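only the shape, not the letters, is given here:
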């Protein structure tokens with residue numbers, strides 16, 4: 001269950017109410033917080049999902065997410081759909097987007113298979129990109145820099161310096177890679193971002209990191225998650241279903257390092273108001289710095 005301190009919860013509720021009022025939507029008073037990681041995600045009445053992007057990163061990402069979501073919808077990609085309204089809605093230091101709820105998101109316990117994830121990811125990778133010049137490109141480094149800049153004061157300066165150094169090094173290594181085919185990628189492909197529609201089709205949610213990029217990145221996300229979250233068998237099944245194993249590619253060590261650094265950096269702007277997340281973050285940072293490549297991590301709550 002997502003836990004927030006009362007002041008943070010109240011602040012986000014005020015932002016949501018203002019955004020709903022500006023968009024002509026009701027239901028903010030009874031909105032249900034269903035997830036809070038990098039965004040706060042709420043379920044509203046009328047089968048609407050509101051996602052509140054926070055700080056500089058949230059405001060930077062929102063317009064590119066809207067652009068990407070609309071482009072994918074025009075091509076009937078297996079992804080969530082925006083409401084037909086002027087978006088994003090900016091409220092102070094926040095950016096809010098509104099989405100059609102997939103009805104099955106109210107039902108818990110879906111056990112998505114590796115094959116379903118592989119099929120959804122591959123469907124993006126095979127979309128022609130000849131007319132994609134205006135689309136955003138995948139960029140893990142700007143997001144990481146913004147998060148480090150906005151780091152919670154509870155993180156000590158030495159740890160932040162270490163993270164900055166790691167990001168500088170891995171960005172240099174990434175730029176020196178000779179990448180294979182590029183295409184439309186999701187950017188954060190895992191089963192937590194899958195939804196099942198009433199028509200029993202599987203679609204991808206959370207397009208924050210979507211864009212044009214190396215297709216190997218989506219595969220690396222699943223591979224690293226398999227290692228770090230104790231799902232190695234799931235990754236093996238995914239690789240078989242997709243038809244490629246990124247851990248045998250020359251760029252794998254660099255992509256792995258980027259993914260692991262993202263998993264450590266993602267929550268640092270708001271740790272003091274998320275005690276459960278802070279505990280897990282400390283574990284991730286400690287084991288990554290110690291070079292414990294097989295240390296098991298837990299999902300943030």
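Received it, and whenever you're ready, just let me know what you need. Here the structure is a predicted model, which means the values were calculated and not measured.

what segments of the stretch 201-301 of the chain are helices?
215-228, 232-242, 252-265, 275-289 (DSSP state H, counting those that start in this stretch).

same list, these, but as CSV with distance to residue 101, mean neighbour count and mean pLDDT please.
C-beta here means a position set from N, CA and C on the backbone, and glycine is covered the same way. Formatted as CSV, the helices of the stretch 201-301 of the chain follow (distance: least, Cβ to Cβ, whole Å; neighbours: other Cβ atoms under 10 Å; pLDDT from 0 to 100):
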stretch, distance to residue 101, mean neighbour count, mean pLDDT
helix 215-228, 25, 24, 97
helix 232-242, 27, 17, 97
helix 252-265, 27, 20, 97
helix 275-289, 25, 17, 95
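
domains in this structure, as residue ranges please.
6-101, 114-289 (automatic domain parsing).

in CSV, list those domains along with distance to residue 300.
Formatted as CSV, the domains of the chain follow (distance: least, Cβ to Cβ, whole Å):
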stretch, distance to residue 300
domain 6-101, 6
domain 114-289, 5
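
sorry, back to before: which one of the helices of the stretch 201-301 of the chain lies nearest to residue 17?
Of all the helices of the stretch 201-301 of the chain, it is helix 275-289 that lies closest to residue 17, at 24.7 Å by Cβ to Cβ.

contacting residues around that closest one?
3, 154, 159, 162, 260-261, 263-264, 267-268, 270-272, 295, 297-298, 300-301 (Cβ atoms under 8 Å, 6 or more residues apart in numbering).

please redo it, this time with the cut-off set to 7 Å
By Cβ atoms under 7 Å, 6 or more residues apart in numbering, the list of residues contacting helix 275-289 from outside reads 3, 154, 159, 162, 260, 263-264, 267-268, 271, 295, 297-298, 300-301.

quick revisit: nearest to residue 28, out of the helices of the stretch 201-301 of the chain?
Residue 28 sits nearest to helix 275-289 of all the helices of the stretch 201-301 of the chain, at 24.7 Å, using Cβ to Cβ.

how far off centre is the closest one?
The chain centre lies 18 Å from the centre of helix 275-289; the measure is Cα atoms, centre = their mean, to the nearest Å.

could you do stretch 244-253 as well?
With Cα atoms, centre = their mean, you get 21 Å for stretch 244-253.

for that stretch, measure first residue to last.
Start-to-end span of stretch 244-253 (Cα to Cα, to the nearest Å) is 16 Å.

any chance you could list what contacts it?
The contact list for stretch 244-253 (Cβ under 7 Å, 6+ apart) reads 177, 179, 216, 219, 220, 223, 239, 255.

determine which two of these are furthest apart.
The most widely separated members of the contacts of stretch 244-253 are 177 and 239, with 20.2 Å between them, by Cβ to Cβ.
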